[in-house]
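>>> quick one, structure for this:
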Amino acid sequence: MIYSLSGKLIVKKPQFVVVEVNGIGFKVFASTRTLKNIPKINSKIKLFCSFRVRQEMPEIYGFFDEKELEIFELLNSISGVGPKSALGILSKLKIEKLLHAINQGRADAISASWGIGKKKAERIVLELKDKIKKSAFSGDADTFDSDKDIKSALKNLGYKQKEIEEALEQIPPKIKKTEDRLKTVIKFLSKG
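Got it, this is the predicted structure:
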């Protein structure tokens, strides 16, 4: 029903934002990843959205990019995984880590997420494994392995875990090769 909202950001809270479009303020729940990328109050903003009706109450979930929206929709397609749980998973796990966990059958990595038990995590892996492999997301899971090598190398060079994680988030999605990813991370770290 609503695929995206473009307007002015008028409220930013820990779990949601309000986007004003033609004088109407839309409350949009968002993941931690999306909230980190949101600009300052009174800035123009565009969010890709999923419109859900829960217990007769409509809710809008917004994402900074379409990729996160697609993963949210996939998670929501699983019986027993509601929008709040899907948002919790996306807030706890980076997309690449989530895709890797699904590809590798690592339900334990998913069950560490907010509100997700072992059985539900196993269901997510079981139902999404083939969908992920057949989708455009399959290559993203491979970058997770290369990022483990990058993290290890940077830790040996004395960088802190938090610095490394922040630097990895700065890598544009189009950069896939480990060597290129490492160069990008080192450039980012040398600036700070």
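>>> contacts and neighbour counts: CA atoms only from here.
OK.
>>> which SSE is the nearest residue to Pro14 once chain neighbours are set aside in?
Excluding the flanking residues, the one nearest Pro14 by Cα to Cα, 6 or more residues apart in numbering is Leu35, at 7.7 Å. Element membership for Leu35, per DSSP states H and E: helix 32-37.
>>> phi, psi of Lys46?
Main-chain dihedrals, Lys46, degrees, to the nearest 10: phi -130, psi 130.
>>> what residues are up against it?
For Lys46, the contacting residues are 4-7, 64, by Cα atoms under 8 Å, 6 or more residues apart in numbering.
>>> run the last query once more with 7 Å
Contacts here follow Cα atoms under 7 Å, 6 or more residues apart in numbering; on that basis Lys46 touches 4-7.
>>> re the thing from before, now the helix holding Leu35: mean pLDDT?
On average, the pLDDT along helix 32-37 is 88.
>>> circling back: what about the residue nearest to Pro14, distance to Ile110?
21 Å (Cα to Cα, to the nearest Å).
>>> so between these two, which is more surrounded?
Higher neighbour count among Leu35 and Ile110: Ile110, with 26 against 20, using other Cα atoms under 10 Å.
>>> per-residue pLDDT, the closest residue to that one other than its chain neighbours?
Nearest residue to Ile110 in three dimensions, chain neighbours excluded: Ala121, at 5.6 Å (Cα to Cα, 6+ apart). Ala121 is assigned a predicted lDDT (pLDDT) of 90.
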